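The sequence and its predicted three-dimensional model are supplied below.
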Amino acid sequence: MPHPVDPVKLLRDLFQVAVNSADPEACLPRHLPTDTAAKETIVIGAGKAAAKMAQVLEQHWTGPVRGTVVTAIGHDVNCSHIEVLQAAHPVPDKASTNASRRILDLVSNLTEDDLVICLLSGGGSALLALPADGISLEDKQQINRRLLRSGASIEEINCVRKHLSAIKGGRLAAACHPARLCTLAISDVPDDDPAVIASGPTVADASTREEALAVLERYAIDVSPAVQTHLANPDSETIKADDLRLTTATYTVIANPAAALQAASASATAMGMHVETLGLLGGEARMLGARHARLARERGDDVTVKSPPYLLLSGGETSVTVRGSGRGGRNAEYLLALAIGLQGRAGIYAIACDTDGIDGCGDNAGCIMRPDTLRRAAKLGLDPAAFLIDNNALEFFNALGDLVVTGPTLTNVNDFRAIYICAN
């Protein structure tokens, strides 16, 4: 195939293909319950896609419906019958606790003739935050901030969150009983584990309070005496698989990171590219960037003017151990490490973006790396290694004009990374 005139546009287009595959309009309608003969249908939910999911449900639901969902600030859309609340992310705030109480109130005192539809997506862990009795919101905020900066995995973070919560770890499902509960989830985790998505408010949880304590110890997270007392109490344990209150609950993943990569791969293949999908990857962002730089160099050695361009695809969620004072985020840090490893290698372009439209604490989805990234940085007097040490990759790419800004996409299947390799 002829080489694309603009590799950067191609990478942006492939990112959009991945995002579109997880748009609630594309993936939700076919999974809605068909048995709508419930006495009352209540819709609840949490996550960055929750408002859009609620809107799509309203458009495709034939009977009366009411309810409340909570989404991140700026991720709201208008609904006619379902209340949409907004709260902070990734650190929960008072609005998160108020929304959680509102949702618990909605599902209280239901009967076996009622139906609850729960709409979950990435971000739900922070947005659906209700501290357990005896624990303050400030306790949870402090622990959340420290875990997010520690390099802990999302599974470890959610293990702690669930054991400090009055709504996560299956407790929301228990509150819905005896009503029928149908959870529809857009997964943002590699293995689509329902117990990890939004910290599993509607499913059983196999993790233990001892494991939560071990995570806090592993990352040297100081906690208040109230948190220590709570985790020492057996009552802090989450809902387990043998709990009879889960017998009326079902759970369906309607979109996931693997399907988003498959959509992008199919699109690239149709354009004649050779695609290698590396899978859903985690670990330190900068370490993954360095490994992918070596891999891209190896693949580049085999690309000629007569061969099709090569595309390396990956997804998942990396982590960043914050030691500097910069603004992140993980996709920018990955790309900066990639650029340093490639050292201006000709013919290699890359994109790394979060499918929710927000990479870390910035207002960008991610960034673009080009073969001349380091050369342009040198002209501006920017030292890439210094920016990486300071965890300030966002400002590095911002100075180069290479941020990808989409605004909230109203879905979330985690990160999308693509490396495009063509002949010089």
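Noted; the coordinates are in hand. Residues are numbered from 1 along each chain as shown.

wait, doesn't residue 258 sit right on residue 280?
Yes - counting by Cβ atoms under 8 Å, residue 258 touches residue 280, with 6.5 Å between them. Glycine gets a C-beta too; all of them are placed from N, C-alpha and C.

Find residues that contact each of these two.
Jointly contacting residue 258 and residue 280 under the rule Cβ atoms under 8 Å, 6 or more residues apart in numbering are 190, 315.

What count of nearby residues applies to the closest residue to residue 195 other than its chain neighbours?
Leaving aside its sequence neighbours, residue 195 sits nearest to residue 205 (Cβ to Cβ, 6 or more residues apart in numbering; 5.1 Å). When neighbours are defined as other Cβ atoms under 10 Å, residue 205 has 24 of them.

do residue 7 as well
21.

Could you look up the SS state of the residue lying closest to it once chain neighbours are set aside?
Nearest non-adjacent residue to residue 7, counting by Cβ to Cβ, 6+ apart: residue 349, 4.3 Å away. Three-state call for residue 349 (DSSP: H, G, I helix; E, B strand; the rest coil): strand.

for the residue nearest to residue 195, helix, strand, or coil?
Per three-state DSSP, residue 205 ends up coil.

Same check on residue 216?
Applying three-state DSSP: residue 216 is helix.

Below-threshold pLDDT in the protein: ranges please.
Filtered on pLDDT under 70, the chain yields the residue ranges 1-5, 36.

As a quick check, tell me the outermost residue of it.
Farthest-out residue of the chain from its mean C-alpha position, per Cα atoms, centre = their mean: residue 306, at 38.9 Å.

which residues touch the residue nearest to residue 195?
Residue 205 neighbours (Cβ under 8 Å, 6+ apart): 162, 169-170, 195, 238-240.

what do you get if the cut-off is 7 Å, keeping everything else the same?
Applying Cβ atoms under 7 Å, 6 or more residues apart in numbering to residue 205 gives the contacts 162, 169-170, 195, 238-239.

Who wins on neighbours among those residues?
In these, the most neighbours by other Cβ under 10 Å go to residue 169, 31 neighbours.

For residue 74, give me its contacts.
Here residue 74 is in contact with residue 408 (criterion: Cβ under 7 Å, 6+ apart).

circling back to that earlier point, now do the residue farthest from the centre of the chain against residue 380, distance only.
37 Å (Cβ to Cβ, to the nearest Å).

now the helices for the stretch 51-200 of the chain?
94-107, 124-127, 137-150, 154-163, 171-176 (DSSP state H, counting those that start in this stretch).

whoops, I mixed them up, the stretch 251-400 of the chain
Counting by DSSP H, counting those that start in this stretch, the helices of the stretch 251-400 of the chain are 257-270, 285-300, 330-342, 373-379, 384-389, 393-399.

Could you list every helix and strand in contact with the first one?
For helix 257-270, the contact count by 3 or more Cβ pairs under 7 Å, 6 or more residues apart in numbering; DSSP states H and E identifies helix 7-21, strand 274-280, strand 310-316 as packing neighbours.
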